[in-house]
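Visitor: Just need the structure, nothing else, for what follows:
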Amino acid sequence: MKNSSVDLKNSGTDAGRRAFLRRSGQLALTGTALPFALNMAAIGEAAAFEASDYKALVCVYLGGGNDYANTVVTYDDPSYAKYYAIRNPNGMALSKNGLAATLLRPATPLPDGRQYALNPAMAGLANLFNTGKAAIQLNVGPLITPLTRAQYNARALALPPKLMSHNDQASMWQSLGTEGVRSGWGGRMGDLALAGNGASNFTCISASGNAVFVSGQKALQYQVSTGGAIGINAIKNNVYGSSAVKAAMNTLITQNRAHPMEQAYNEVTTRSIASEALVTAGIGSTSAVTTPFPSNNTLADQLKIVARLIAARNSLGSLKRQVFFVSLGGFDLHDNLGTGHAPLLTKVSEAMTAFYNATVALGVADQVTAFTASDFGRTLATNGNGSDHGWGSHHFVVGGAVKGNAFYGSAPPVSIGNTTAAEDQWHIGQGRLLPSTSVDQYAATMARWFGVADSELPNVLPNLKNFGAEVGRPDYPRDMGFMSA
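Guide: Numbering: from 1, shown residues only. Now for the predicted structure:
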């Protein structure tokens, strides 16, 4: 279908524009969910890769910057001793005895005897790792180009903008651009998939409000709540207690109009109503998701609706490719790391484990890949009873197509980076990790599995051109190897 977005600058008189904006304000005041309706405005079709099967990517975003050191915890004796010496003076080190139950046992041991365990709160993810259904990408973060500590200190090469700023680094992780960029790399993959989906408006879906990650150039995000489709209140319920006003509102926002702007708006609204009905019927007609999800867990609630949407994919329009976004906040633990971190990780582990189990029950475990992302890692050094903003971090990839039971990338030395010693070259001070893998590399590995051609990768991942053997950097490969073909 053609893009039906309205160009307010070039469509009609000033009076017409004012009338359009006034009507928009009136609809919003009556609970018409204007952003939801306009969310459908720019749906278009793009040339897509061939896709006869189904695949989905699910971004699990940990808002605030997750503490890497107490999530994927160094365990071998020499490394743990350094970790303990740095973190325990303020009581932030996890007990080694307590880590034994979540020790990670990769099929191929790490070099130099390095070992890791997960936070004791993450038993579910530890089991998925040890049984081959999850992998860990070590020390990944935003990079414009491969970078050494000396180059960072000298500002000799381009750096991600405003490092250690929440908004800017969240934007870098989700869009690979500065704050204000309108498309994310998940959405740009969605652009390529639009034409292959029977209902292109369900290509990119957020269960966590507005997220640039699932916004493309043409593939705009479709937002759902944990209960399903978001309705337009003014036509679902009486307005000011009046069914007559409700009926009038329905007519007002759906009937044909002579004015081009009014007609375009009403077409958008009509599509949004139809989409809501389709989603509601689709998830209501399937009882396929019987896997138990934990209660009192907002991340689990979001992943459950994602599972329900995946189960309903055929009734939603023979969907072949989908990108989802879910999130959990609260990770900005400058204080109370010792008491506040484990409950969050419990939610992440239990939710992601339940979601994986749901994909198994649905028969799509090999076709759905979930992965974590976050604003940044944090300092290994503590500030008293918390940790501060960092850069690189460790992240999880979960699914049947993941080459699990393995670490990818390089295990950084345990250090706070305050000397010129070799062990400090992957730190920029206070134990902040200088990423040895870029978000572009991490994303490219999943994008290739998703079906993005090598020729299309630079359009999806703008910094990828600076990495890989193609530009003389085989130590920064464009495929990290954690996905099956």
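Visitor: Quickly list what Cys204 is bridged to.
Guide: The partner list for Cys204 in beta bridges (DSSP bridges) reads Val323.
Visitor: wait, doesn't it sit right on Gly186?
Guide: Yes. Counting by CB atoms under 8 Å, Cys204 touches Gly186, with 6.5 Å between them. For glycine as for every other residue, the C-beta is placed from the backbone atoms N, C-alpha and C.
Visitor: Compare these two (neighbour count), which wins?
Guide: The neighbour comparison of Cys204 against Gly186 (other CB atoms under 10 Å) goes to Gly186, with 33 against 30.
Visitor: Doesn't the more buried one belong to a strand?
Guide: No. Counting by DSSP: H, G, I helix; E, B strand; the rest coil, Gly186 falls outside a strand, being helix.
Visitor: quick one, what contacts it?
Guide: Contact analysis of Gly186 by CB atoms under 8 Å, 6 or more residues apart in numbering lists 57, 59, 174, 204, 213-214, 323, 325.
Visitor: nearest to Phe450, of those residues?
Guide: Leu57 (5.9 Å; CB to CB).
Visitor: quick one: the closest one from Ala354, how far?
Guide: 18 Å (CB to CB, to the nearest Å).
Visitor: Looking at these two, which is more packed in?
Guide: A side-by-side neighbour count of Leu57 and Ala354, using other CB under 10 Å, places Leu57 first with 25 against 20.
Visitor: what about the strands in the stretch 351-485 of the chain?
Guide: Per DSSP state E, counting those that start in this stretch, the stretch 351-485 of the chain carries strands over the ranges 368-374, 378-382, 387-389, 393-398, 406-408, 437-438.
Visitor: So which of these is nearest Arg114?
Guide: strand 406-408 (8.7 Å).
Visitor: what helix or strand is the spatially most central residue of the chain on?
Guide: Geometric centre of the chain, nearest residue: Cys59, 2.8 Å, by CA atoms, centre = their mean. Here Cys59, judged by DSSP states H and E, is contained in strand 55-62.
Visitor: what residues does stretch 416-430 touch?
Guide: For stretch 416-430, contacts defined as CB under 8 Å, 6+ apart pick out 86, 139, 148-149, 152-153, 379-381, 388, 390-392, 410, 412-415, 431-434, 436.
Visitor: What about those residues, which are in helices?
Guide: Taking DSSP state H, the ones among the contacts of stretch 416-430 that sit in helices are 86, 149, 152-153.
Visitor: Give me the buried entries from those.
Guide: Applying 16 or more other CB atoms under 10 Å to these, the neighbour count classes 86, 149 as buried.
Visitor: With respect to Ala361, which of the ones in helices among the contacts of stretch 416-430 is nearest?
Guide: Distances from Ala361 to the ones in helices among the contacts of stretch 416-430, taken by CB to CB, are shortest for Ile86, at 42.8 Å.
Visitor: who's in contact with that closest one?
Guide: 93, 380-382, 414, 416, 431.
Visitor: hmm, try it at 7 Å
Guide: For Ile86, the contact set (CB atoms under 7 Å, 6 or more residues apart in numbering) comprises 380-381, 416, 431.
Visitor: With neighbour count as added columns, please give the residues you listed in CSV.
Guide: Converted to CSV, the contacts of Ile86 look like this (neighbours: other CB atoms under 10 Å):
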residue, neighbour count
Leu380, 27
Ala381, 23
Ile416, 16
Gly431, 27
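Visitor: Including distance to Met164, could these go into JSON lines?
Guide: Shown next, in JSON lines, are the contacts of Ile86 (distance: CB to CB, whole Å):
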{"residue": "Leu380", "distance to Met164": "14"}
{"residue": "Ala381", "distance to Met164": "14"}
{"residue": "Ile416", "distance to Met164": "16"}
{"residue": "Gly431", "distance to Met164": "13"}
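Visitor: which one in these is the model shakiest on?
Guide: Minimum pLDDT for those is recorded at Ile416 (90).
Visitor: nearest to Gly284, of the contacts of Ile86?
Guide: For those, the nearest to Gly284 is Leu380 (48.5 Å; CB to CB).
Visitor: Nearest spatial neighbour of the closest one, chain-adjacent residues omitted?
Guide: Distances taken as CB to CB, 6 or more residues apart in numbering put Gly431 closest to Leu380, at 2.4 Å, once the chain neighbours are dropped.
Visitor: show me the contacts for that neighbour.
Guide: By CB under 7 Å, 6+ apart, the neighbours of Gly431 are 86, 379-381, 415-417.
Visitor: ditto for Arg378
Guide: Applying CB under 7 Å, 6+ apart, we find Arg378 in contact with 65, 67-68, 387-390.
Visitor: So what's the predicted local confidence for it?
Guide: pLDDT at Arg378 comes out at 97.
Visitor: ok, now how distant is the residue nearest to Met172 when sequence neighbours are not counted from Asp388?
Guide: Nearest residue to Met172, sequence neighbours excluded (CB to CB, 6+ apart): Pro142, at 4.0 Å. Separation of Pro142 from Asp388 (CB to CB): 18 Å.
Visitor: okay, those two: which has more neighbours?
Guide: Between Pro142 and Asp388, counted using other CB under 10 Å, Pro142 has the larger neighbour count: 23 against 18.
Visitor: Give me the distance between that one and Ala342.
Guide: From Pro142 to Ala342 the distance is 27 Å (CB to CB).
Visitor: same deal with Ala123?
Guide: Distance from Ala123 to Ala342, by CB to CB: 12 Å.
Visitor: what residues are shared contacts of those two?
Guide: What both Ala123 and Ala342 touch, as defined by CB under 7 Å, 6+ apart, is an empty set.
Visitor: pretty sure Leu328 is in contact with Thr346, am I right?
Guide: No. Using CB atoms under 7 Å, Leu328 makes no contact with Thr346, being 10.9 Å away.
Visitor: got the residue ranges for the strands in the stretch 51-200 of the chain?
Guide: 55-62, 72-74, 116-118, 134-141.
Visitor: which helices and strands sit right next to the last one?
Guide: Under the contact definition 3 or more CB pairs under 7 Å, 6 or more residues apart in numbering; DSSP states H and E, strand 134-141 sits against helix 123-130, strand 393-398, strand 406-408, strand 437-438, helix 439-450.
Visitor: quick one: which of the ones you listed is nearest Tyr222?
Guide: The minimum distance between Tyr222 and these falls on helix 439-450, with 18.1 Å, by CB to CB.
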